[in-house]
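Asker: Just the structure for this:
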Amino acid sequence: MKIKPLGDHILIEPISQEEKTKGGIFLPETTEKERPEQGKVIAVGPGRRLSSGKRLPIEIEVGAKVLFTKYAPNDIKVDDKEYLIAKEEDILAILE
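Answerer: As a prediction, this is how the structure comes out:
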């Protein structure tokens with residue numbers, strides 16, 4: 001199934017966090033994990049529509065690695081794969 005976000009929404013594939021602490025301790029899968037804050041952009045919408053009727057295009061490109069707010073994106077599951085959908089304003093930075 002192909003997903004095409006609408007408006008200023010962005011489809012993100014979350015990047016899993018390290019399962020090892022800075023001290024070198026491996027965390028078992030049974031531990032409660034934090035929601036990811038980084039991801040790869042899979043698709044972007046056409047942009048936000050302004051009151052004048054024109055569209056303001058999204059500045060983020062497909063394939064970019066981004067940092068986003070922790071709890072703003074919505075979780076979705078498509079074909080047994082988990083994604084996040086966030087608004088452009090929820091993206092904090094592009095990681096290089």
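Asker: Every contact and neighbour count from this point should use C-alpha atoms.
Answerer: Fine.
Asker: Quick one: find the helix or strand in the chain with the lowest mean pLDDT.
Answerer: Between all helices and strands in the chain, the lowest mean by mean pLDDT, DSSP states H and E belongs to strand 74-78, at a mean of 89.
Asker: Residues in contact with that one: which ones?
Answerer: 1, 82-86 (C-alpha atoms under 8 Å, 6 or more residues apart in numbering).
Asker: With residue 93 as the reference, measure out to the residue most central in space within the chain.
Answerer: By C-alpha atoms, centre = their mean, the mean C-alpha position of the chain lies nearest to residue 12, the distance being 3.3 Å. Remark: distance between residue 12 and residue 93 (C-alpha to C-alpha, to the nearest Å) = 13 Å.
Asker: Helices of the chain, residue ranges please.
Answerer: For the chain, applying DSSP state H gives no helices.
Asker: the strands in it, which residues?
Answerer: Here the chain has its strands, by DSSP state E, at 9-14, 38-44, 48-49, 55-56, 65-68, 74-78, 81-87, 91-95.
Asker: Return the list of helices and strands in contact with the second one.
Answerer: By that I understand strand 38-44. Packing partners of strand 38-44 (3 or more C-alpha pairs under 8 Å, 6 or more residues apart in numbering; DSSP states H and E): strand 9-14, strand 65-68.
Asker: Okay, now the unreliable bits of this structure?
Answerer: Where the chain drops to pLDDT under 70, the residues are 17-35.
Asker: Alright, calling it a day.
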